[in-house]
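>>> Sequence plus predicted model, see below.
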Amino acid sequence: MAEGDRCYFCTQRPREEIAVARWHPQEPDEQERLTIHLCGKHMERLQKAGTRGWTQKDFVYKQGWW
């Protein structure tokens, strides 16, 4: 990871870069696939959410490309 990298959701140093699916709750069929950096706290929250996804800001995030 580059020196300027930070967590996608906060200013902490990232623990890992992961693939996520992201969508608006009103449009669950319109999923976007991204690769983002996450700190330990946000990685844990995303993993706890599992297949239902984790709502943050205006989007729902789910780990993986499916």
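All right, it came through fine. It should be emphasised that the depicted structure is a prediction, and the values quoted were computed from it without experimental measurement.
>>> which residues touch the helix or strand Thr55 falls within?
Assigned by DSSP states H and E, Thr55 belongs to strand 54-56. Defining contact as CB atoms under 8 Å, 6 or more residues apart in numbering, one finds that strand 54-56 is touched by Phe9, Pro25, Arg45, Leu46, Lys48, Val60, Tyr61, Lys62. In short, each C-beta sits where N, CA and C put it, glycine included.
>>> can we see that at 6 Å?
Arg45, Leu46, Tyr61 (CB atoms under 6 Å, 6 or more residues apart in numbering).
>>> Redo those residues as a markdown table? Include pLDDT and neighbour count.
Below are the contacts of strand 54-56 laid out as a markdown table (pLDDT from 0 to 100; neighbours: other CB atoms under 10 Å):
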| residue | pLDDT | neighbour count |
| --- | --- | --- |
| Arg45 | 94 | 14 |
| Leu46 | 94 | 20 |
| Tyr61 | 95 | 23 |
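>>> what residues are up against Val60?
By CB under 6 Å, 6+ apart, the contact list for Val60 reads Trp23, Pro25, Gly53.
>>> Dump the residues you listed to CSV, plus pLDDT, distance to Arg15 and neighbour count.
Listed next are these as CSV, based on pLDDT from 0 to 100; distance: CB to CB, whole Å; neighbours: other CB atoms under 10 Å:
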residue, pLDDT, distance to Arg15, neighbour count
Trp23, 94, 24, 16
Pro25, 92, 27, 10
Gly53, 92, 20, 20
